[in-house]
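Chemist: Need coordinates for the below:
(2 chains)
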Amino acid sequence: MAIDQTDLMNQDNLLSADSNQFLTFTLGDEEYGVDILKVQEIKGYVPNTRIPNAPSDVRGVLNLRGTIVPIVDLRSKFNLGTIEYDQFTAIVVVVVQNRVMGMIVDSVSEVINIPPSDIQPPPDFGGNMNSSMLRGIAKVGDKLIIVLDIDTVLLGDNVGMSFAA
Amino acid sequence: MNFDTAMFHSAFFEEAADLLEDLEGLLLRLEKSPDDLELLNTIFRCAHSIKGGSATFGFADLAQFTHGLETLLDLMRNGQLKISKTISQLLLESRDQMRALLAVARGEESTAPDSAPLTARIHEQIESVNGTSDISAITEEPVIIEETAITAATKVYRLKFVPGPDILRRGIDPRQMINQIRESGELISIICDTSRLPSIEEIDPESSYLGWEIIFRTEWEEAQILDIFEFIEDESEIVLTIEPADFIPVIIQEVSAAAETIRAETSNSLNLDSAPLSAAKPTPPQPAAATPTSGGKNSDTQTLRVATDKVDKLINLVGELIINQSMLNEVISDFSMAKLPRLIEAVAEMERASRDLQERVMAVRMLPIKYAFGRFPRLVHDLSVACGKKIELKTVGEDTELDKTVIEVVTDPLTHLVRNSIDHALETPEERRAAGKPEMGTITLNAFHEGGNIVIEVSDDGRGLNRERILQKAIDRGLISENDAPPADDILYNYIFHPGFSTAKEVTDLSGRGVGMDIVKRAVQALGGSISLNTVPGKGTRFRIKLPLTMAILEGLSLSVGEEVYILPLTSIVESIRPKLGDVRLVAGQGEIVLMRGEVLPILRLYQVFGSTAQFTDPTKALLVIVENDGRKVALLVDELIGQSQVVIKSLETNYRKVNGIAGATILGDGRVALILDVPGLIHTDRLGGASFAEAA
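Modeler: Below is the predicted model of the structure:
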């Protein structure tokens, strides 16, 4: 009994501090992962309302049961070119620092378990890419999953890039 | 009476409370325009309704007190008594007393202040008229009323009083006489004799058919009582008999119940016709047996008054939901894959209807801010008397809607600001004259929507904040060092919101603001708002409370630009025109203008500002909507106007950020998001040149 409880508590701690579970989705040929605890829901793509003069990756806002949610196209955020939205296109709704935001992804794959030890720190890409958006890269089976630091992706890590002015 | 009146009590309390609110405003207006007869009549009707209601439901204290007031008002309305400062003060105090008595009746308070001193003052006024006029309603020393029952020399009389049929045509009001009987002492019972009342077809509205049997106790002599009827004794039947002193009338339930129903009938039929007949309605002959029962048990529930159209919308939506549901039922009753599109459609419809319903229900909580502003006329009136200052209160934008809770919470900080303005900011008439300002100081309350917020401004034209004193205080408090360069004005003035600035002594020292300004700030911040101030020495101070309007509702006009739909706040629209060729000119390559009736207005092409594609780029094909803010006008070029609607304002900033030119967002009927234009922001853009958004982006 006592042992079981400690185990459970450990698991709880892990969950609250840093969950092991990730929602994976694809953008082009690449597979990305985001911390499942940040994800509020997943919905199919629906057209949204454009925001004037917004950064190009902010596609607009959406009405999510009465809440106005900004939608970011991750392809355009990562300069992956654009594709036609189709029936696989999904909006992953996440909560980052109390803001509800949506990300457009090519398709949602699955929820997988990745132990922290399997996540390797991101390689240094040089000046071309802001690697602070990445938490690391994990190898699951024969797939490489790019684990995103979704807070930095959506909100930016400095004032200049900040999504929220 | 066999039926329980308690169920009507709460309705009466509500109504009386509303009437008292109205009464306050009316009395304050009366003070300004004492010759307005219509106003006086309205006041009289207010008092009369309260009296009637309270007597019907057995709240004798309130009825009796209000009756005295009504008599006074009657004299005023007949022009026998001129309104003076004393009287208007007396009326206001009486109103407060009525509210206190009402609170007791509701069971909210256990005791009310004694009415006697006020009653005495009212009667003093009535007396003053009686000295000069002989047609007054009351001839007896009124203060005795309460005590008469105790005096030993009283007798019990039984009076049969049947006024002649022509009495009303002669302009005589039998009610007045019954009132005099009532005031002569203690009324034991009064029964209305309706046996002479013909059927409704035969009734002559100008004839009197009623008679009364009144049993009362008074110390008056017979002759004195008969004097009341002196002018009508020839045509009326008046029989006065003396009963044994310990006479206790047997009030038979059935009899009074019958009298009650008949009275209801009579008053109904009377409503059909003219005023003189309404006089035939007996004064509420409440059997003395019906002592007030506490109405407190059902008065605690909070109520909300809602505009009928809001309720109608709710009903419509619920109707829509029901239709949706039956649609769903029909689709799934024998379901095949072929029906899938219809099922999806029906579900989507239902989702939309329920979401609308949710929003409309929220909208029920929205009240115009006049509910908060309403208390200030009295506050200003009372405080200006207390301070010996002349103050005028102006309110603007009273119909701006706010959530009920926000209104409740924001009222206290507002009161604080207004009180401060009166106490400290506004000068005495002498000081104002010396400063070359009109003696009458002005406090303005202004509420409006701005940039996704609701702004409430409290401004005065007083002396302004004292910069030196605040600086000194800030140094004393150690907030800034003496050696530092003095901070900029806006930083310095904001120190008054600092908690250290708020103790009583410092306020008088500062001769400016300071009382609990930190409390004001905290209350505003608790609502997610902010407060700022603007002051010009010698000219006045303006406080600006900015509240987010996550729940506020806006009357808007939807318009289209290309594929996109925007909402324009109705209040900012001046007009819309389709310009003729030649009305639109380019000015030195700088920008476009339109000539409209000699006025030159800059054109703002919305599709350019927002970087979208418009259906029409030729102004003569598109529409120009002229909008105004702060006296500046701009013509917005749009494709077409779609329609007017009330929209629930949602903040973009909650999950995104402030967008230039956009005040917020709303959800359209089909579930899509539409953005609400920020007119002040757009006009400001125009001043900077249309390109500024592009740069910001």
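Chemist: okay, CA-based contacts and neighbour counts for the rest of this
Modeler: Fine.
Chemist: what about the strands in chain A?
Modeler: For chain A, the strands defined by DSSP state E cover A:21-27, A:30-35, A:39-44, A:58-64, A:67-73, A:90-96, A:99-105, A:107-113, A:119-120, A:134-140, A:143-148.
Chemist: Could you dump these into JSON lines with distance to B:Gly68 and mean neighbour count added?
Modeler: Supplementary listing: the strands of chain A in JSON lines, determined by distance: least, CA to CA, whole Å; neighbours: other CA atoms under 10 Å in any protein chain shown:
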{"stretch": "strand A:21-27", "distance to B:Gly68": "78", "mean neighbour count": "20"}
{"stretch": "strand A:30-35", "distance to B:Gly68": "76", "mean neighbour count": "20"}
{"stretch": "strand A:39-44", "distance to B:Gly68": "67", "mean neighbour count": "15"}
{"stretch": "strand A:58-64", "distance to B:Gly68": "60", "mean neighbour count": "22"}
{"stretch": "strand A:67-73", "distance to B:Gly68": "57", "mean neighbour count": "24"}
{"stretch": "strand A:90-96", "distance to B:Gly68": "66", "mean neighbour count": "21"}
{"stretch": "strand A:99-105", "distance to B:Gly68": "62", "mean neighbour count": "23"}
{"stretch": "strand A:107-113", "distance to B:Gly68": "79", "mean neighbour count": "15"}
{"stretch": "strand A:119-120", "distance to B:Gly68": "87", "mean neighbour count": "16"}
{"stretch": "strand A:134-140", "distance to B:Gly68": "82", "mean neighbour count": "18"}
{"stretch": "strand A:143-148", "distance to B:Gly68": "80", "mean neighbour count": "19"}
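Chemist: Show me the one of the ones you listed that comes nearest B:Cys192.
Modeler: The stretch from these with the least distance to B:Cys192 (CA to CA) is strand A:67-73; that distance is 64.4 Å.
Chemist: does that closest one come close to chain B?
Modeler: Yes. Using CA under 8 Å from any CA of the partner chain, strand A:67-73 reaches chain B at A:Thr67, A:Ile68, A:Val69, A:Pro70.
Chemist: As JSON lines, the residues you listed with distance to B:Asp403 and pLDDT would be great.
Modeler: Converted to JSON lines, the residues of strand A:67-73 next to chain B look like this (distance: CA to CA, whole Å; pLDDT from 0 to 100):
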{"residue": "A:Thr67", "distance to B:Asp403": "18", "pLDDT": "86"}
{"residue": "A:Ile68", "distance to B:Asp403": "19", "pLDDT": "91"}
{"residue": "A:Val69", "distance to B:Asp403": "23", "pLDDT": "93"}
{"residue": "A:Pro70", "distance to B:Asp403": "25", "pLDDT": "94"}
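Chemist: Could you single out the nearest of those to B:Thr56?
Modeler: The nearest one, if we look at those relative to B:Thr56 and count by CA to CA, is A:Thr67, at 51.1 Å.
Chemist: Find the nearest non-adjacent residue to that closest one, please.
Modeler: Once flanking residues are discounted, A:Thr67 sits nearest to B:Lys650: 7.6 Å by CA to CA, 6 or more residues apart in numbering or on different chains.
Chemist: What residues are recorded as beta-bridge partners of the one you found?
Modeler: Beta-bridge partners for B:Lys650, by DSSP bridges, are B:Ala665.
Chemist: Tell me where chain A is predicted with low confidence.
Modeler: A:1-19, A:125-130, A:157-165 (pLDDT under 70).
Chemist: what helices or strands is whichever helix or strand B:Leu28 is part of leaning on?
Modeler: For B:Leu28, the host element (DSSP states H and E) is helix B:6-32. In terms of contacts (3 or more CA pairs under 8 Å, 6 or more residues apart in numbering or on different chains; DSSP states H and E), helix B:6-32 is packed against helix B:37-56, helix B:85-106, helix B:376-387.
Chemist: can you list the residues of the stretch 251-400 of chain B near chain A?
Modeler: B:Arg355.
Chemist: I'd like the helices and strands packed on helix B:6-32 as CSV, with mean pLDDT appended.
Modeler: Converted to CSV, these look like this (pLDDT from 0 to 100):
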stretch, mean pLDDT
helix B:37-56, 83
helix B:85-106, 85
helix B:376-387, 85
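Chemist: Adding mean neighbour count as columns, could you present these in CSV?
Modeler: Shown next, in CSV, are these (neighbours: other CA atoms under 10 Å in any protein chain shown):
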stretch, mean neighbour count
helix B:37-56, 20
helix B:85-106, 19
helix B:376-387, 16
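Chemist: I'd like to know which of the ones you listed lies nearest to B:Val331.
Modeler: Closest among the helices and strands packed on helix B:6-32, once you apply CA to CA, is helix B:85-106, at 53.6 Å.
Chemist: Now do that closest one: everything it contacts.
Modeler: B:13, B:16-17, B:20, B:23-24, B:27, B:31, B:59, B:61-62, B:65-66, B:69, B:109-113, B:115, B:118, B:121-122, B:125, B:292, B:294-296, B:299 (CA atoms under 8 Å, 6 or more residues apart in numbering or on different chains).
Chemist: Just give me how far it sits from the chain centre.
Modeler: 18 Å (CA atoms, centre = their mean, to the nearest Å).
Chemist: Give me the angle between it and helix B:376-387.
Modeler: 130 degrees (axes from the mean of the first three to the mean of the last three CA atoms, to 10 degrees).
Chemist: related to what we said a few turns ago, state the pair within the residues of strand A:67-73 next to chain B that is farthest apart.
Modeler: Among the residues of strand A:67-73 next to chain B, A:Thr67 and A:Pro70 lie farthest apart (CA to CA), at 9.7 Å.
Chemist: A:Arg65 - how many residues pack around it?
Modeler: 13 (other CA atoms under 10 Å in any protein chain shown).
Chemist: secondary structure class for the closest residue to it other than its chain neighbours?
Modeler: Spatial nearest neighbour of A:Arg65, excluding adjacent residues (CA to CA, 6+ apart): B:Arg355 at 7.1 Å. Of the three states, B:Arg355 takes helix under DSSP: H, G, I helix; E, B strand; the rest coil.
Chemist: Look at B:Arg355 and report its pLDDT.
Modeler: Residue-level confidence at B:Arg355 comes out at 76, pLDDT.
Chemist: Kindly tell me how buried it is, as a neighbour count.
Modeler: 18.
Chemist: Pretty sure it sits against A:Asn63.
Modeler: No. B:Arg355 is not in contact with A:Asn63 according to CA atoms under 8 Å; the separation is 10.7 Å.
Chemist: Briefly note if stretch B:448-463 comes near chain A.
Modeler: No. Using CA under 8 Å from any CA, stretch B:448-463 stays clear of chain A, coming no nearer than 13.7 Å.
Chemist: buried stuff in that stretch?
Modeler: Using 16 or more other CA atoms under 10 Å in any protein chain shown as the test for burial, stretch B:448-463 gives B:448-463.
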